[in-house]
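> Provide a 3D model corresponding to the input given below.
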Amino acid sequence: VHLMESGGGLVQSEGSLRLSCAASGFSFSNRDMSWYREAPGKEREREWIASINQFDDRTDYKKSVSGRFTISRDNALNTMYLQMSRLKPEDTAVYYCKSDDYRVPWGQGTQVTVSS
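Predicted coordinates:
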């Protein structure tokens, strides 16, 4: 049972990145999935930013990222994505994906750094 995030990096303000979350060992298509982030200096304050529903791909976003970030999933590939656009320095964080199944552990995260 495993989640692995990738796609992070260093980007300038107003730039874009696409994060991926590869899932294995559980029934990915039957779970709601979410993205979270942990900003520097705010360790242990993992912030929810977006979710996607298992039934109809309905999405929900934290207000501060709505309109800039897009969550999506490909059940055939057991992969979830986060397309991030118009990035801001305050988006700098380690980004994590999570299943609504409590038995699925957090992944290691992927670092996103946005320079001003």
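> can you pull up the bridge partners for residue 98?
Bridge pairing for residue 98 (DSSP bridges) gives the partners residue 34.
> If you tally nearby residues, what's the number for it?
Neighbour count of residue 98, defined by other Cβ atoms under 10 Å: 22. From N, CA and C alone the C-beta is placed, and that goes for glycine too.
> Could you report the separation of it from residue 55?
Distance, residue 98 to residue 55, by Cβ to Cβ, to the nearest Å: 18 Å.
> now do residue 107
Here residue 107 is placed at a distance of 24 Å from residue 55 (Cβ to Cβ).
> Look at the two and report which has more neighbours.
residue 107 (18 against 7).
> For that one, grab phi and psi.
With angles defined as degrees, to the nearest 10, residue 107 sits at phi -80, psi -170.
> Ok, residue 24 next?
Dihedral angles of residue 24 (phi, psi; degrees, to the nearest 10) stand at phi -150, psi 150.
> Provide a list of residues in contact with residue 76.
Listed by Cβ atoms under 8 Å, 6 or more residues apart in numbering, residue 76 has no contact partners.
> per-residue confidence for the one residue sitting closest to the centre of the chain?
The chain has residue 35 as the residue nearest its centroid, 3.2 Å off, counting by Cα atoms, centre = their mean. With respect to pLDDT, residue 35 scores 98.
> so residue 4 bridges to which residues?
residue 22.
> Am I right that it is in contact with residue 78?
No - using Cβ atoms under 8 Å as the test, residue 4 is too far from residue 78 to be in contact (10.6 Å).
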